[in-house]
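Q: What follows is a predicted structure for the sequence shown.
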Amino acid sequence: MSWDTLFSLQGHGPFILGAYGVTLALMGLEVYTLWRRARRRRDASPPPAARRRP
């Protein structure tokens, strides 16, 4: 598929670009959600020295 076909307003070009855009947006949302969950879990856990038993 050429760039002219992809970016033309004729045919399926806009739909393909929209599908790629939605896919990238959903992937970004998932990365952001996983990052927030990991940060929250890391902040809630005690430091490694406090977890050890003497």
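A: Right, received. Where do you want to start? Numbering: from 1, shown residues only.

Q: Identify the single longest helix in the chain, thanks.
A: What stands out as the longest helix in the chain, according to DSSP state H, is helix 13-44.

Q: Next, the buried residues of that helix.
A: By 16 or more other C-beta atoms under 10 Å, the buried positions in helix 13-44 come out as residue 13. Every C-beta, even on glycine, is put in place using the N, C-alpha and C of the backbone.

Q: which helices and strands does it pack with?
A: helix 3-7 (3 or more C-beta pairs under 8 Å, 6 or more residues apart in numbering; DSSP states H and E).

Q: any idea of the mean pLDDT in the helix it packs on?
A: Throughout helix 3-7, pLDDT has a mean value of 73.

Q: Figure out how far that helix is from the centre of its chain.
A: For helix 3-7, the separation from the chain centroid amounts to 26 Å (computed by C-alpha atoms, centre = their mean, to the nearest Å).

Q: same thing with stretch 13-31?
A: Using C-alpha atoms, centre = their mean, the offset of stretch 13-31 from its chain centre is 10 Å.
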